[in-house]
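1. okay, here's the prediction I keep looking at, along with the sequence it came from:
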Amino acid sequence: MAEADSMNAAAPAALSDAQAGQTVLRLNDIELGFGGVKAINKVSFEVRKGEILAIIGPNGAGKSSMLNVINGFYKPQKGSIEFRGETRRAMDPNHAAKHGIARTFQNIALFKGMSTLDNLMTGRLLKMKRNIFWQALYWGPAQKEELEHREAVEKIIDFLEIQAIRRTPVGKLPYGLQKRVELGRALAMEPDILLLDEPMAGMNVEEKEDMCRFVLEVNQEFGTTIVLIEHDMGVVMDISDRVVVLDYGVKIADGTPDQVRANQRVIDAYLGVSH
Amino acid sequence: MIYREAGQFKTSYAADQAIFPIRLDRIGIAVCLAIAYLAVPAVANDYWLLSILVPFLVFSLAAIGLNILTGYAGQLSLGTGGFMACGAFAAYKLATSFPDLHIIIVFLLSGGVAAAVGVLFGLPSLRIKGFYLAVATLAAQFFLIWMFNKFGWFNNYSPSGVISAPPMHLYGDVYLTGPQSAPVNKYLFLLTFVALMALLAKNLTRCKIGRSWMAIRDMDIAAEIIGIKPLVAKLSAFAVSSFFIGVAGAMWAFVYTGSVEALAFDINRSFQVLFMIIIGGLGSILGSFLGAGFIVLLPIFLNNVPGLIGWHIPVDMIAHLEFMIFGALIIFFLIVEPHGLARLWTLAKEKLRLWPFPY
C-alpha cells in the first residue's frame, strides 16, 4: 500500500470512527419538473460522512437529475438542501466545486483535446492561486505552484494505474480508460463528496472489478463520501453501505442493501406487478 | 533513429514540464534562433527584410493572438482585422499625443486598448457559440473599421484618413519608424519582441489559464462542474487574444508599412489570419508561425518559381492561381488535417522516433 500511503499527504486523512456517520448533506422534499414532467417528486434523503451511498432505480427514475441537483446543475423548484450546516434553496456548480463536491458523468465529459495529465491538472484549477502575469512568466512562484500540483496529480496517476497514458489525448483512449481518467479528474479536486454517475456502465467484468477497487480504496483510504448511481445490482449490493431507490421520481426505499433487497416495492418496481 | 527521446531521463517534474523536453528540439530551436539573429541580418537584403520577414513576424504575432481565442479557447472570431486596427489607431493616438513615450510602451498600451475593446466585443460569447458568435465578431469588425473611418479624431483629422507613424527610436539613433529607420533594426526589434511574446503565450497556454481555456473549448459543462467560471475564461481569452492582435496591428502600422488607413484592416485581413491558424494548426503556438510563414511565402513562391523553371504565366493569372491554391489548401486542411502543419510536424516527429523501423 505504498502508493496509498503516499497519497495521504494530498488527501484528507482517513476518518476516525467518531466522525463517520454524521450527515454531511441532506435533501429535503426536492421537487424538480421539466415542463409537465415531474422528474423528482418530494424526495428526501441524507448522505452521511464516509459512506458509500448508491442511488438505484429503473431508467428515467430521476437518478441523474438527483446528482445534478446535488451539484447545482439543476435548480429544484421546491425543497431545500442542507450542506455543511447551511440550508439553501439550490446549489451552484461553482460553490459546489469550491466546497468539495466533485462528480463524473454518465456520458464521459472529459476534455477530449487535452492529454490525461492536463485533464487531471484541470481538477486542480481551483487550488491554483497565481495570477495571469505570474503564469505568463512561468517562473518562480508560478512554476513552483505548477510543480506542486503536478506532483499531486502524479500520485493520482499512480493510484489509478494510468501512468502509460499520461501524455495521450483522452479522445484517443478506449472507453474504460476514459472512465478511469474522469474519476482521476474528480479525485484531483480532493473532494469530500464524490458523485459518480454510472461509473461502471459499459465495462467488462475485469474493468468493473478495477473500478470497484478504486471506489472502495478512495472511500477507505481518504474517507471520501461517495454517492453513486449504478445499474449493476451485484456491484451495488457488494460495495454500498446504504441504498436509495427511486422510481418515477419518487423515493420508494432507503436502507442497507439487505433491507432494500427484501423490500416488496423495490421488487415490484424492478420486476413489475401483476394487476 | 535520428530523433531520439529514449535515454533522456528526467529526474524532476521541472525538467519534464519544460517547453522543449527533448534535447534535439532544444538544439533545433537554438539553431533557428542563431540563424534568425546572426545569419539572416548578414545575408538578407532590404527586400527580404521589409517585404517578407517583417510581415511574417507581424502576422505570426496576430496569428498567435487569434490562436489563443479560436484554437485554445474555441471561440471563433472574424474580428481580427478590427482588433488590429484598434491597436494601430491606439498606437497612433498615443504616439502623437505623447511624443515622449517609448515605442515599446506605446505598443504595450495599444495592446491594452485592443484588449479592452476585445473584452467588450467578447461579451456576446457568454450567450452564443460557434457560427453565431462568428457573426457577432463580424459586427465588431465592420463597426470598428467604420468608426475609424468616420471620426476624424482617430486619424488627427487627416484628409485622406491615413495615419503615418512619427519617427520613433528604440534608443540613441536606432530608429524603428520614419525615414531614418534601417530595415535590419526593424527586423531585429520585431524578432525579439515577437519571440518574447510567443514565449509568454506558450507559458499561458501550458498554465492554469490555458487549461481553463481548453476546458471551455472541449466541454463547457464539465468545465463549470470543476469550478471554471465561463465568464472569466472566455473574457480572459478575448482580452489576451486582443492584446496580442492589437500589438500586431500597432506593429503593422508603425514598423511594417509606416503609414496605413483603416481599410488595410478590413475583413480580408481577418480571413487571412484565420487561414493562417487553420493551415498552421489550431491550438498550437508553433502552428501560428508555420501558418504565417506559409501564407506570406506562398505568393512569393508562386511569383518566382514558374519564371525560374521557364514557365511564363501572366501576372493576372498568378493572382488568380494564388486564390485557387489558397482555397484548395484550406479545404484540404479542413478535411485531411484540421490541426494543420503543426500536427504534420508532430506526426513526422513520431515517425522519426522509430525510424528506420516501421513500429
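-> That came through, no problem.
2. point out where the stretch 1-150 of chain A drops to low pLDDT.
-> A:1-20 (pLDDT under 70).
3. up against chain B, what does it have?
-> Proximity of the stretch 1-150 of chain A to chain B is confined to A:71, A:73, A:93-94, A:96-98, A:102-103, A:105, A:109-114, A:118, A:121-123, A:125-126, A:128, A:130, A:132, A:135-138, A:142-143, A:146-147, A:150 under the rule CB under 8 Å from any CB of the partner chain. In short, each C-beta sits where N, CA and C put it, glycine included.
4. how about the nearest residue to residue B:284, chain neighbours excluded?
-> Among residues not flanking residue B:284 along the chain, residue B:342 sits closest, at 3.8 Å (CB to CB, 6 or more residues apart in numbering or on different chains).
5. tell me, what residue is most central in chain A?
-> For chain A, the residue nearest the mean C-alpha position is residue A:195 (2.0 Å; CA atoms, centre = their mean).
6. how is residue A:102 assigned, secondary-structure-wise?
-> Under DSSP: H, G, I helix; E, B strand; the rest coil, the three-state class of residue A:102 is strand.
7. distance of it relative to residue B:270?
-> For residue A:102, the distance to residue B:270 equals 40 Å [CB to CB, to the nearest Å].
8. ok, back up a step: so which other helices or strands are in contact with the helix or strand hosting the residue nearest to the centre of chain A?
-> Using DSSP states H and E, residue A:195 maps to strand A:193-197. Under the contact criterion of 3 or more CB pairs under 8 Å, 6 or more residues apart in numbering or on different chains; DSSP states H and E, strand A:193-197 touches helix A:63-70, strand A:101-103, helix A:175-188, strand A:225-229.
9. now the element after it, going C-ward?
-> Per DSSP H and E, the first helix or strand lying C-terminal to strand A:193-197 is helix A:205-222.
10. coming back round to it: the strand holding residue A:195 vs helix A:175-188, what angle?
-> 160 degrees (axes from the mean of the first three to the mean of the last three CA atoms, to 10 degrees).
11. how about the CA coordinates for strand A:193-197, as PDB?
-> C-alpha atoms of strand A:193-197 as PDB (Å, rounded to 0.1, in the frame of the first residue of the first chain):
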ATOM      1  CA  ILE A 193     -18.100  14.100  -1.600                       C
ATOM      2  CA  LEU A 194     -17.700  12.300  -4.900                       C
ATOM      3  CA  LEU A 195     -20.700  11.900  -7.100                       C
ATOM      4  CA  LEU A 196     -20.300   9.000  -9.600                       C
ATOM      5  CA  ASP A 197     -22.900   8.700 -12.400                       C
END
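12. name the surrounding residues that touch that strand.
-> With CB atoms under 8 Å, 6 or more residues apart in numbering or on different chains as the test, strand A:193-197 has contacts from A:24-25, A:47, A:63-64, A:67, A:70-71, A:100-106, A:183, A:186-187, A:215, A:218, A:224-230.
13. strand partners (parallel or antiparallel) of that strand?
-> Strand A:193-197 sits in its sheet next to strand A:101-103 (parallel), strand A:225-229 (parallel), going by DSSP bridges.
14. average pLDDT across the last one?
-> This means strand A:225-229. If you average the pLDDT over strand A:225-229, you get 95.
15. what comes up buried for the very next helix or strand once past it?
-> With elements assigned by DSSP H and E, the helix or strand that comes after strand A:225-229 is helix A:233-239. Buried residues in helix A:233-239, counted by 16 or more other CB atoms under 10 Å in any protein chain shown: A:235, A:236, A:237, A:239.
16. any idea of the mean pLDDT for helix A:233-239?
-> Rounded mean pLDDT across helix A:233-239 is 90.
17. in CSV, list the C-alpha atoms belonging to it.
-> Output in CSV follows, covering the C-alpha atoms of helix A:233-239 (Å, rounded to 0.1, in the frame of the first residue of the first chain):
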residue,chain,number,x,y,z
MET,A,233,-27.0,-4.8,-8.8
GLY,A,234,-24.2,-7.1,-7.9
VAL,A,235,-21.8,-4.2,-7.6
VAL,A,236,-24.4,-2.0,-5.8
MET,A,237,-25.1,-4.7,-3.2
ASP,A,238,-21.4,-5.5,-2.7
ILE,A,239,-19.9,-2.1,-2.2
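18. whichever helix or strand comes after that helix - contacts with which helices or strands?
-> Using DSSP H and E, the next helix or strand after helix A:233-239 towards the C-terminus is strand A:242-247. The elements that strand A:242-247 packs onto, with contact taken as 3+ CB pairs under 8 Å, 6+ apart, are strand A:37-48, strand A:52-56, strand A:250-255, helix A:257-262, helix A:264-271.
19. which one, of these, ends up nearest to residue B:333?
-> When the helices and strands packed on strand A:242-247 are ranked by proximity to residue B:333, the top entry is strand A:37-48, at 44.5 Å, counting by CB to CB.
20. from the residues of the stretch 1-150 of chain A next to chain B, which ones fall inside strands?
-> A:102, A:103 (DSSP state E).
21. buried ones among the residues of the stretch 1-150 of chain A next to chain B?
-> So, by 16+ other CB under 10 Å, the buried ones in these are A:71, A:73, A:93-94, A:96-97, A:102-103, A:105, A:109-114, A:118, A:121-123, A:125-126, A:128, A:130, A:135-138, A:142-143, A:146, A:150.
22. of those, which belong to helices?
-> Counting by DSSP state H, the part of these found in helices is A:93-94, A:96-97, A:118, A:121-122, A:135-137, A:142-143, A:146, A:150.
23. in contact with residue B:91: list those residues for me.
-> B:106, B:107, B:109, B:110, B:165, B:249, B:250, B:253, B:254.
24. cool, residue A:270 as well?
-> Counted by CB under 8 Å, 6+ apart, residue A:270 has contacts residue A:58.
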